[in-house]
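[1] build me a model:
(2 chains)
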Protein chains: 2
Amino acid sequence: MSKEAPGTFVITARDETSRARAGVLRTAHGPVETPVFMPVGTQATVKALEPRDLRENGASIILSNTYHLMLRPGADVVANAGGLHSFMNWDGPILTDSGGFQVFSLAKLRKLTPEGCAFNSHIDGREVFLGPKESMEVQRLLGSDIAMVFDECLPWPCDRARAEKSVAQTLDWAKMSQDAPHAPGQLVFGIVQGGIYDDIRRHCAEELSSMDFPGYAIGGVSVGEPEEAMYQAVEASVPYLPEEKPRYVMGLGVMTQMAECVARGVDMFDCVLPTRIARHGTALTRHGNVAIKAAKWERDLGPVEEGCDCYCCRNFTRSYVRHLLHAGEILGVRLLTIHNVHRLLEFMRELRVSIADGTFAAFREQLHKDQQQKETT
Amino acid sequence: MSKEAPGTFVITARDETSRARAGVLRTAHGPVETPVFMPVGTQATVKALEPRDLRENGASIILSNTYHLMLRPGADVVANAGGLHSFMNWDGPILTDSGGFQVFSLAKLRKLTPEGCAFNSHIDGREVFLGPKESMEVQRLLGSDIAMVFDECLPWPCDRARAEKSVAQTLDWAKMSQDAPHAPGQLVFGIVQGGIYDDIRRHCAEELSSMDFPGYAIGGVSVGEPEEAMYQAVEASVPYLPEEKPRYVMGLGVMTQMAECVARGVDMFDCVLPTRIARHGTALTRHGNVAIKAAKWERDLGPVEEGCDCYCCRNFTRSYVRHLLHAGEILGVRLLTIHNVHRLLEFMRELRVSIADGTFAAFREQLHKDQQQKETT
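    Residues are numbered from 1 along each chain as shown, chains lettered A, B, ... in the order given. This is a model prediction of the structure:
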C-alpha cells in the first residue's frame, strides 16, 4: 500500500507518559491529522455552518448520518448529485455512521432479525428496514471516505446475557458489512461493543482485529454512563486493537474527556456538543462553558472568549451576541456555533502539537485545571 | 456645504422618458448611490446575515428599527457599545425608522396624545411611551446616519376627516422631531402622509418642504392598498417635494413596483421581503419568485438562479437547498437569504446603470415581461 493510499495510518509522534499518539490517516479526500475532532453534519450540513466556515476554522473531516440521510432526502437523491461531497459541496473527508445508533435511539423499533431492524421513521412514520447490507449500500451511495459497520449500540446499564448476545450479533453484522460492496477508496471501520463487561469487549476487539479493518471504533460509550465507566470501556478495548490502526470513540466532545481518551490511545472523536449548545446559548471556552444569555453580559464589550481569533470573537461583543440570542436571531446561533466549533478544533490542534512537542502531560494537567470553571450548559 | 458633507445629494444622471434619476447621497458613514434598496435589519441584524455578507453582496446602506431596539436590548445598551454601527459591527450607513409604524401596527395602543403614544410592548407587555421626542432621542443614541421623523401611518382605507386630523398631527410631530437633538452628522427625513387624498398629500408635502429636510419619505404606501393607489400616492407627493432632495418610499421591495416608483422620481426603498420570503423557502429571481421547496426541484442540480453569482448559486444546487429547507436547517434559510438580498441589490445596480446609460425605459419594459412568470410566495 502506498503512503498516499486511503487507509494508510502513519504515527508521527508518541507521548512517553501515556498511550497518546499523533498521526496522519489518509482518505480518498485527503489526509486527516489525528487526534481529530469531527464536527457533526447530521443532515448534510454542520448546523448553521457553510463548508467555507468549516475550512476557515480548521475542520479536516466531518461526520454525517446514514439514518437521517436515507430518510431525507434519500440516498438516491444524494447519489443523483454525485454523492455527499458534491451534494453539500464539501471536498474534504467525510465519515458516515451506520445508522445503528439512531435506529435504536430515535426510531420506533418494529422487529429485530439477524438481517437487521424494521422500524418506523421518526419523520413520517413509514416502515423502513435497515441492516448491514442496507446500511453499507446507503453509505456506498453517499460515497463517504469512512463507512462504519452496522452494529447494535447497547444501552447503559445492560445485563451480561444481553451484552453477550448483542456482541455476537454485532460481530456477524461487522462481517456482513465488510463483505458488502463499497464506494471506491471507502474505508470500513469496525465497532467494539460489550457494555461494561471487560472480557466481552476484549473478545469483540480481538475478533474484529482478526477481520483486519483499517480502523476501529469503541462504541456504546457516552450513552449516559459515569465518566469512569467510559474510560474503563476504552481501557478494556484499546489493548486488543492493532497498534498501527486509528481508534475512534463515537459521540464524545467534552474537552477533558477527549484528552483522557487520547491518553488511553484514542485518535478520533465526533460530537454534536459544540453545535447543539450554541443553539442553547452556551459558549465553549478554554475556561469552561459560558452561558452568553446571562444578564451579566448585557453591556459586556469583550468577545465571547478573550484571546480567541474566530470570526465571532474578532468582530462581535458578548453584549451583541447576547442580544441576538435573546431576540431569537439566526445570527446569534451562527456566531456561537462558529466560535464553539473553532474552539474544539483549536483545542485538538493544540493537543496534537503537545504530543509532537512532548508536552502532552502538562497540556492534560492544565486542561483539567482550566475546565474546572465549567458552568452548567 | 462641502460635496462630502452629510446630506449632500448630487444627481448624476436623469432618464429622459420618466422622472427617474440616479444620484449619490452623502452620509456620515459614506456615500449611497441611488436608487438604492436598503436591506432591513430590524433587531440590529439583517436576518441570517453577517456584515461581511452585506458587503460581499453590495449593500451600501441598511435599515434598522427604533421600536424594536428601544424595547430590546434598549437604546442604552446600544449606546453603551458606542452606537448601532459598533454594536452590530456595520461601518456603512444606517437609516432608522421612527418606530411610528410599528407602534401603530405591532403594539397594543393605550393612548394617543399630542406628545405621542402610550402602548404595551409586544415582547413583555410593559407600558412604554413613544413620541417625537422619545423617538429622536432613541435614534440619537443609536447614532444612525438617517433618522426618520415620528409620524402616524394611516391604515388603508381611511376616511378624509381622519386623514386630515392625522396629517396635522404628523406635521406637528415632524417639527418637534426636527427640533430635537440629533447625533453628529445625523440627517432627519420628513414623511409625507395623507392616505388616498391627493390634496392632503400635496399639503403635507408642501409643508414639509418648507421645513427644509435633507430628504423626504412617502409614507402610508404598501400598507395593503391596490398597486394603482400606491402609484397615485407617489404621484400626489413627488411634484411638491424639492427636486434636489432624495425621496424614499418606505416598505417597498417588489422589483416591478420599485422600478415604477423610480420612474415617478423615487430614490430609496426598504423592505423585509427578500429576507422574509427566504425563510418561507421562496427565491427572488430575474424571472419571478420560485418556491424552492417544490417537489420538482428534488433532483435538480442547477443553481437557485441560473447565471447568478452569489455564494449560494456559485456553490449549491436547488436539490441541496430544497433538502435543507425541508429538513429545517438554518443553512437553507441563510443561503436563500444571501441569494434574495444579492438579487435585489444586483437589480438596483442594474437599474442605476440603465439610468446612467439612458436605457431605463427598455430596462423597465423588460423587467415587467420577466417578472410576469412570478409564482405566489
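
[2] in stretch A:208-219, what counts as buried?
    A:208-209, A:211, A:213-219 (16 or more other Cβ atoms under 10 Å in any protein chain shown). Bear in mind the C-beta positions are built from the backbone N, C-alpha and C, glycine included.

[3] so who does A:Thr45 touch?
    When contacts are counted by Cβ atoms under 8 Å, 6 or more residues apart in numbering or on different chains, A:Thr45 touches A:88, B:324, B:329, B:331.

[4] and these, which two are furthest apart?
    Spanning the widest gap among those are A:Met88 and B:Glu329, at 10.6 Å by Cβ to Cβ.

[5] okay, those two: which has more neighbours?
    Per other Cβ atoms under 10 Å in any protein chain shown, whichever of A:Met88 and B:Glu329 has more neighbours is A:Met88, with 27 against 21.

[6] what's the closest of the buried residues of stretch A:208-219 to A:Tyr240?
    A:Ser209 (6.5 Å).

[7] measure the closest one to A:His203 for me?
    11 Å (Cβ to Cβ, to the nearest Å).

[8] please apply the same query to A:Arg314.
    Taking Cβ to Cβ, one finds A:Arg314 at 51 Å from A:His203.

[9] so for the two, which sits in the more crowded spot?
    A:His203 (18 against 10).

[10] so that one, which state does it fall into?
    helix (DSSP: H, G, I helix; E, B strand; the rest coil).

[11] verify the stated contact: it with A:Val192.
    No. Using Cβ atoms under 8 Å, A:His203 makes no contact with A:Val192, being 9.6 Å away.

[12] next, the buried residues of stretch A:289-306.
    For stretch A:289-306, the neighbour count (16+ other Cβ under 10 Å) marks A:289-293, A:297-300, A:303-305 as buried.

[13] and if you look at stretch A:229-240?
    Residues A:229-238, A:240 are the ones in stretch A:229-240 that count as buried (16+ other Cβ under 10 Å).

[14] so which of the residues you listed comes closest to chain B?
    Taking Cβ to the nearest Cβ as the measure, chain B lies nearest A:Met230 of those, at 30.5 Å.

[15] identify the residues contacting A:Ile338.
    A:49, A:53, A:57, A:310-312.

[16] helices - which of the residues you listed land there?
    A:53, A:311-312 (DSSP state H).

[17] read off the pLDDT value for the residue of the stretch 101-250 of chain A found nearest chain B.
    At 9.2 Å from chain B, A:Ile123 is the closest residue in the stretch 101-250 of chain A, using Cβ to the nearest Cβ. On pLDDT, A:Ile123 comes in at 91.

[18] that one contacts A:Met70, doesn't it?
    No. If you go by Cβ under 8 Å, A:Ile123 and A:Met70 don't touch, sitting 10.8 Å apart.

[19] who has more neighbours, these two?
    When A:Ile123 and A:Met70 are compared for neighbours, A:Met70 comes out ahead with 24 against 13, by other Cβ under 10 Å.

[20] still on that earlier bit, intersection of neighbour lists for A:Ser209 and A:His203?
    By Cβ under 8 Å, 6+ apart, no residue touches both A:Ser209 and A:His203.

[21] contacting residues around A:Asn340?
    A:273-275, A:277-278, A:283-284.

[22] next up, the contacts around A:Val290.
    The neighbourhood of A:Val290, defined by Cβ under 8 Å, 6+ apart, consists of A:282-283, A:304-305, A:375.

[23] what of A:Gln257?
    A:222, A:227, A:230.
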